[in-house]
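Colleague: sequence-free structure coming up:
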């Protein structure tokens, strides 16, 4: 599973958590600010790639806890990381400057060693502002990847990132999130204009537009693979965040269920197993939900200020500003804390 971008600085809302470490102005804190995360396609399993605020990219082995620095764009914040389905393992990187890079692994047969190549994607065709959203498109839906930015533009790229298939100006607002469903060639896209657009991946035309029922900014979206459902979250007010569930088979533009999930906006959400969802909020709450419940099955208060989340099978990994990367497990319908990775070069 790929990763979604960090939305740590996407919204100008107060942080009510008493954590003075996020305000420390020193390079050590910046170096430990993890903004993006995804599973690594360069190893068989049990490895993650991470990106930091100071532009570093590294690979973390979950068993040995060893980290390997990888080529990176110096001092350009790594906002987004995804791996895409292609002939050779490939990771797409989106940065604060609006640049896109392709990271690949090459093997030197004569020396039996591996190297990594970081290749910029044609800058005139990328974005003017930070790449806030990246998503891999399944090969069954045409492959490639989509990028979104604060410049309000969505771009659909080929697998290699060398061919720009479509480019659409949405508005002048931040593109907040993307999602795809494994059964239909549709791209779901949310933005600060308080809507969710459904894009036909063949024609790149808008099929439908869903309006947030509370008329608030939609911060995160995800699909539920086992159901024709879309889940979206929005900031309801100064102290509550709503999540809305849509049935994609219905012609109605209204959600079928609404529940209050967090005090502050949701940074990331993901489906896990057939009937469960996990959400991470700026209130530091990590919540596990059933599709049919109105309250969380299990909750955990994350140490540090969270920035991103990735779900791999029954494991959840949460990046933070200065407390490393936390590892949680889902067992018996409950969240449990496993370990924290905080030793990085």
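Modeller: Thanks, I have the structure now. No experiment lies behind these values; they were computed from the predicted model shown.

Colleague: going forward, measure contacts and count neighbours with C-alpha atoms only.
Modeller: OK.

Colleague: can you tell me the closest non-neighbouring residue to residue 245?
Modeller: Leaving aside its chain neighbours, residue 245 sits nearest to residue 231 (4.6 Å; criterion: Cα to Cα, 6 or more residues apart in numbering).

Colleague: am I right that that neighbour is in a strand?
Modeller: Yes. Under DSSP: H, G, I helix; E, B strand; the rest coil, residue 231 falls within a strand.

Colleague: doesn't residue 242 make contact with it?
Modeller: No. Applying Cα atoms under 8 Å, one finds residue 231 not in contact with residue 242, separated by 10.4 Å.

Colleague: quickly list what residue 316 is bridged to.
Modeller: Counting by DSSP bridges, residue 316 is bridged to residue 311, residue 328.

Colleague: circling back: confidence score at the residue nearest to residue 245?
Modeller: For residue 231, the pLDDT comes out at 91.

Colleague: same question for residue 270.
Modeller: At residue 270, the model reports a pLDDT of 93.

Colleague: the one 3 residues further on too?
Modeller: Among the per-residue scores, residue 273 shows a pLDDT of 78.

Colleague: what number of residues lie near it?
Modeller: 11 (other Cα atoms under 10 Å).

Colleague: also residue 38?
Modeller: 27.

Colleague: surely it and residue 51 touch.
Modeller: No. Applying Cα under 8 Å as the test, residue 38 and residue 51 come out as separate, 9.2 Å apart.

Colleague: shared neighbours of the two, anything?
Modeller: residue 81 (Cα atoms under 8 Å, 6 or more residues apart in numbering).

Colleague: for the helix or strand hosting residue 51, packing partners?
Modeller: Using DSSP states H and E, residue 51 maps to strand 47-52. Packing partners of strand 47-52 (3 or more Cα pairs under 8 Å, 6 or more residues apart in numbering; DSSP states H and E): strand 34-39, strand 57-61, strand 78-84.

Colleague: closest one to residue 329 among the ones you listed?
Modeller: Of all the helices and strands packed on strand 47-52, strand 34-39 sits nearest to residue 329, with 15.9 Å by Cα to Cα.

Colleague: residue contacts, the residue nearest to residue 245?
Modeller: Taking Cα under 8 Å, 6+ apart, one finds 221-224, 243-246 in contact with residue 231.

Colleague: so which of these belong to strands?
Modeller: Using DSSP state E, the members of the contacts of residue 231 that fall in strands are 221-224, 243-246.

Colleague: want to try a markdown table for these, with pLDDT as columns?
Modeller: Shown next, in a markdown table, are the ones in strands among the contacts of residue 231 (pLDDT from 0 to 100):
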| residue | pLDDT |
| --- | --- |
| 221 | 94 |
| 222 | 94 |
| 223 | 93 |
| 224 | 89 |
| 243 | 86 |
| 244 | 87 |
| 245 | 88 |
| 246 | 89 |
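
Colleague: report the separation between residue 267 and residue 284.
Modeller: 10 Å (Cα to Cα, to the nearest Å).

Colleague: among the two, which residue is more densely surrounded?
Modeller: residue 267 (27 against 24).

Colleague: show me where the stretch 1-150 of the chain has its helices.
Modeller: Using DSSP state H, counting those that start in this stretch, the helices of the stretch 1-150 of the chain run over residues 27-31.

Colleague: partners of the particular helix or strand that has residue 178 in it in the sheet?
Modeller: Element membership of residue 178, judged by DSSP H and E, is strand 175-181. Strand 175-181 has its sheet partners listed here by DSSP bridges as strand 184-191 (antiparallel).
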